[in-house]
Structures are given as structure tokens and as C-alpha cells.
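In: sequence? don't have it. structure:
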């Protein structure tokens, strides 16, 4: 029984150290110290709040030096003073300043002059962090993708309005198959009659007033400018993604790769996601609807934009999306952790697998009832 009691104390001692607490051990009758430390000093304190030993940084108290020490604390590392005390008191528990497990004690806090330097260093660190975030490709892609989605939505709505407008003025016009040039045709026309001639259509007996034509002309110019802006934004996305996600871009294309990266909240997080999660990125609403109601789960999210899936028969899309998601997970890890960029030969092998899936799964026979 005595042996079991000792083992219980040892186990609780280990758990207490892992949890970083002095009070669990005090309940066991075990005397142990904690090492409090901040950017400037470290102190050994027991559970009663008695300071046993102190080690303070001698300087120099300059902003850059203090910044380096604050960076250590930010990374969860020990200062030189804390490491020195830990060598002298190896059974102590490390408790950084601000820990809820620290007892009340008279800790060696910095004086006013040192605190002013620390405040200046913290402000400089924050400014450097903001500047670093401005150059972060993940953040840049996030804004570009958001701008592209908003602009595309407005452009599609504006183009639809323009098509209906022209159809009202020139009912015989037929441009449903290719309306991409319509805005340019309107802009290059001096009046509604010239536009009708360009579209090989006749004007109705009663045409629009000049003010209406000028409104349509201005609207076409607005739609054309939005399209140019959208193309410019998408070109910027392509440029960043080819550098930031080279292997994933080779596999999925730059726009789809950027969309996956933004949905995953960054390249590193995308690299850590399992293939099953990557497969349904972008289909969150359908996935939670599946969890809530028991409806069939989504087979794909953003990946449906890839022609290997969208142009495949319906009954093989799930199989292809699973395979493509697993390859995308590997490509994202290569990009995030410094792997070799994928070659065209590797992409061709994956495309061969897609074709093999299509061949091995022809159209299923309808179930006779």
C-alpha cells in the first residue's frame, strides 16, 4: 500500500508539472518551487508566495534588445535568467508572468524607465507585425479573392441588365450564344441604329430616345470597365499563386488553388488539412445540412470548378473529387514545407488516372422497378 501511495504521488507530481501548477502539489504535501519570469527578470517562488531567488537582466536597455527578449516570450521560449534559475532549481515549474497559477508575491517588476522602453519595443513589434502581414501572400490572396467575388457578382448582374436592355430596344437581336462582345459593340456604336446594324437586326418602328441610348451606352461602358478590373484582379491572383503555391497551381490552376488557400485560411493550414476536408472546402453549408438533417453529404466543394470534375459524368464525380483532393493535399504540403515543385509529367499521370476512372465506371444501368 505504501508503494501504491508513493506511485500516486509521483503520477500526480508529473501531471501537476505538465499543468504548470503549484497548488496541486501543495495538496499532496510536496514542496516545490515555481520560476516566474518576464522579459527582464526571473524569480523562484514557492506556493506561499515567498521569493527564494532572483536573477535580473543587466541590460543594455535598448529598444532592439528588448524586442529580441519580447520575441522570445512570444515564441514560448525561456529567457537567460529563467534558464539560469532552472539549472539551480531543476525541480521548479516554469510559470511565465501572467500565469493564473502564480501565487501572490513581490515579483521584481521593472521600474518606470525600463517599462517605457518595453512599451516602445512592444509597439515596434506590433508595427513590424502589421508590415509583415502586408507582405503575407495568404492575406493578399484573401483580399484579391474577396474583391474578385464581389466584382464578378456585380459584373454578372450588370451584364445581364445590359443584355435585357438591348433585347428591349432591338427585339430581333440574337446574341445568347456569345454576348461577351456586346459591351464593346455598344460602346463603339454612335447610336441605336448603328448597333442594330452591327447585330444584323432591324429596329422596331418606335425606338428609344437619345437620353435612353446614352444611358445604355454608359451602362455598357460600366460593364466593360468592371470586366477589365476583374481580369486585372484575376491576373494578380495568378501571379501570386504561381509563386506561393506552385505545385497546387500546376495541379488545379491558379484561381482554384487560391480559392482553396483562402477557404483554408492560409497555405500552412491548407497543408495540414486532410484530403477529406479539402474535398468539401466551399461546401460548408451542404456539409452542415448533412450533419443536421441526414441528407446525402456533398461530394465536392470548390473542386467542382476543375474541368476534370465538372466535365465528368455525374456518377464518377465523387470518385474523381476524392482522388483529386488527395493529390491536392500532397501538393499543398510540398508547397508549404519546401518540397520539389510538381512537373508536367506528374500532372499528366494524374490526368491519366482521371481518364481511367471514367473508363472503369461507365454509365450505370437504371434499376428496374
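Out: Alright, I've got the coordinates. Note that the coordinates shown come from a computational prediction; the quantities given were computed from them, not determined experimentally. Residues are numbered from 1 along each chain as shown.

In: going forward, measure contacts and count neighbours with C-alpha atoms only.
Out: Will do.

In: what about the residue nearest the centre of the chain, helix or strand, and which?
Out: Centroid-nearest residue in the chain, with Cα atoms, centre = their mean: residue 265, separated by 1.4 Å. For residue 265, there is no helix or strand it lies in under DSSP states H and E.

In: that one - nearest residue in space that isn't next to it in sequence?
Out: residue 138 (7.5 Å; Cα to Cα, 6 or more residues apart in numbering).

In: ok, now how distant is that neighbour from residue 253?
Out: Separation of residue 138 from residue 253 (Cα to Cα, to the nearest Å): 17 Å.

In: look at the two and report which has more neighbours.
Out: residue 138 (22 against 17; other Cα atoms under 10 Å).

In: isn't the more buried one right up against residue 267?
Out: Yes - at 6.7 Å, residue 138 and residue 267 qualify as touching, with contact defined as Cα atoms under 8 Å.

In: what is in contact with these two at once?
Out: residue 261 (Cα atoms under 8 Å, 6 or more residues apart in numbering).

In: is it correct that the residue nearest to residue 265 falls within a helix?
Out: Yes - assessed with DSSP: H, G, I helix; E, B strand; the rest coil, residue 138 lies in a helix.

In: in this protein, where's the longest helix?
Out: helix 210-244 (DSSP state H).

In: so which bits of it are buried?
Out: Neighbour-count burial for helix 210-244, counted by 16 or more other Cα atoms under 10 Å, picks out 213, 216-217, 219-221, 223-224, 226-227, 229-230, 233-234, 237-238, 240-242, 244.

In: do you have the strands of the protein handy? List them.
Out: Taking DSSP state E to define them, one finds strands in the chain at 33-37, 41-46, 51-56, 93-96.

In: okay, those in TSV with distance to residue 151, mean neighbour count and mean pLDDT next?
Out: Converted to TSV, these look like this (distance: least, Cα to Cα, whole Å; neighbours: other Cα atoms under 10 Å; pLDDT from 0 to 100):
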stretch	distance to residue 151	mean neighbour count	mean pLDDT
strand 33-37	51	27	87
strand 41-46	54	25	90
strand 51-56	57	16	91
strand 93-96	48	22	87
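
In: closest to residue 115 out of those strands?
Out: Residue 115 sits nearest to strand 41-46 of all those, at 12.5 Å, using Cα to Cα.

In: mind listing the strands the closest one pairs with, and their directions?
Out: strand 33-37 (antiparallel), strand 51-56 (antiparallel) (DSSP bridges).

In: could you list the low-confidence segments of the stretch 151-300 of the chain?
Out: 176-177 (pLDDT under 70).

In: all helices for it, in order.
Out: Assigned by DSSP state H, counting those that start in this stretch, the stretch 151-300 of the chain shows helices spanning 182-188, 192-198, 210-244, 246-252, 254-263, 267-272, 275-279, 284-293.

In: what packs against the longest helix of the chain?
Out: Packing contacts for helix 210-244, counted by 3 or more Cα pairs under 8 Å, 6 or more residues apart in numbering; DSSP states H and E, involve helix 137-169, helix 182-188, helix 254-263.

In: what's the angle from that helix to helix 137-169?
Out: 150 degrees (axes from the mean of the first three to the mean of the last three Cα atoms, to 10 degrees).

In: renumber starting at 781 from here on
Out: That works, and once the first residue is 781, the last one we named lands at helix 990-1024.

In: ok so, going back, tell me which of the strands of the chain sits nearest to residue 1108.
Out: Of all the strands of the chain, it is strand 873-876 that lies closest to residue 1108, at 40.6 Å by Cα to Cα.

In: show me how far stretch 918-926 is from its chain's centre.
Out: Computed by Cα atoms, centre = their mean, to the nearest Å, the chain-centroid distance of stretch 918-926 equals 9 Å.

In: no, scratch that, I was asking about stretch 1114-1124
Out: Put simply, stretch 1114-1124 sits 19 Å off its chain's centre (Cα atoms, centre = their mean).

In: report the buried residues of it.
Out: For stretch 1114-1124, the neighbour count (16+ other Cα under 10 Å) marks 1114-1116, 1122 as buried.

In: next, find the distance separating the spatially closest residue to residue 1050 that is not a sequence neighbour from residue 1016.
Out: Distance criterion Cα to Cα, 6+ apart; nearest residue to residue 1050, sequence neighbours excluded, is residue 1044 at 5.2 Å. As judged by Cα to Cα, residue 1044 and residue 1016 stand 20 Å apart.

In: cool, and residue 828?
Out: Residue 828 is 61 Å from residue 1016, where distance means Cα to Cα.

In: output the strands of the chain in TSV; the columns should cover distance to residue 884.
Out: Formatted as TSV, these follow (distance: least, Cα to Cα, whole Å):
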stretch	distance to residue 884
strand 813-817	11
strand 821-826	10
strand 831-836	10
strand 873-876	13
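
In: who touches residue 988 in this structure?
Out: By Cα under 8 Å, 6+ apart, the neighbours of residue 988 are 949, 972.

In: related to what we said a few turns ago, can you tell which of the strands paired with strand 821-826 is closest to residue 857?
Out: Between residue 857 and these, the tightest spacing by Cα to Cα is seen for strand 813-817, at 10.8 Å.

In: which other residues reach that closest one?
Out: Strand 813-817 has contacts (Cα under 8 Å, 6+ apart) with 802, 822-827, 859, 861-862, 865-866, 869, 871-877, 882.
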